[in-house]
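A.B. asks: output the structure for:
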Amino acid sequence: MKLATWNVNSVRLRQDLVLDWLAREQPDVLMMQEIKCEAHLFPTAAFEQAGYGCAVVGQKSYNGVATLVRGDFTVTAEQLPGFTDPAARYVEVQTQGLVLGNLYLPNGNSGAEQGYATKLEFLAALTARAQAFLQQDTDFVLAGDYNICPTAEDCAPGALGPDDALVRPQSRAAWRRL
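C.D. replies: Predicted coordinates:
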């Protein structure tokens, strides 16, 4: 199975780029984040014409995730279980015996300390989801935009200050727990 993930930063603006890429690369699954549109405005027909079914959790102007799948699939969650924030940040599908969680983890730099707390809450819920899959002996992939630089090598030297949510010790520790 060929899986891909892409923070598309507005699917409607980049629809032609995505379609060209799909035709060239032909993945079985494409998980997109930051689609920046409500589900009813998502270009479903264009992607279906290209041979992909769409699982979309959208939101006006920002956030949003969509998973495109060639072949049969079932949507198993439209929100990360255990995470109560209403932002459109997670969609989960099952296909070919595999559960695929598509995620757009909060950046954590906006909203002051509450924004950062939301990031850590998402990570805790994601870790609980992974643990549940492991306990059930379920094959799964959790992919997308994690908004974390797990090590210093994951970002350019000096690009992020030590207080940036992507590199804070708590973010990195939560990544390691996951």
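A.B. asks: for Phe140, grab phi and psi.
C.D. replies: With angles defined as degrees, to the nearest 10, Phe140 sits at phi -150, psi 160.
A.B. asks: that one contacts Gly101, doesn't it?
C.D. replies: Yes: contact criterion CB atoms under 8 Å: Phe140 and Gly101 qualify, at 6.7 Å. C-beta here means a position set from N, CA and C on the backbone, and glycine is covered the same way.
A.B. asks: neighbour-wise, which of the two wins?
C.D. replies: More crowded of Phe140 and Gly101, by other CB atoms under 10 Å: Gly101, with 23 against 17.
A.B. asks: state the three-state secondary structure for that one.
C.D. replies: With DSSP: H, G, I helix; E, B strand; the rest coil as the basis, Gly101 sits in strand.
A.B. asks: check contacts around it.
C.D. replies: Counting by CB atoms under 8 Å, 6 or more residues apart in numbering, Gly101 touches Ala77, Leu80, Tyr90, Val91, Glu92, Leu126, Arg129, Phe140, Val141, Leu142, Ala143, Gly144.
A.B. asks: what's the answer for Thr138, then?
C.D. replies: Val99.
A.B. asks: wait, a helix at it?
C.D. replies: No: Thr138 is assigned coil when assessed by three-state DSSP, not a helix.
A.B. asks: show residues contacting the longest helix that the chain contains.
C.D. replies: When the chain is parsed with DSSP state H, its longest helix is helix 112-135. For helix 112-135, the surrounding residues in contact (CB under 8 Å, 6+ apart) are 80-83, 85, 89, 99, 101, 103, 105-109, 111, 140, 142, 147, 165, 168, 170-171, 174-175, 177-178.
A.B. asks: fine, thanks again, bye for now.
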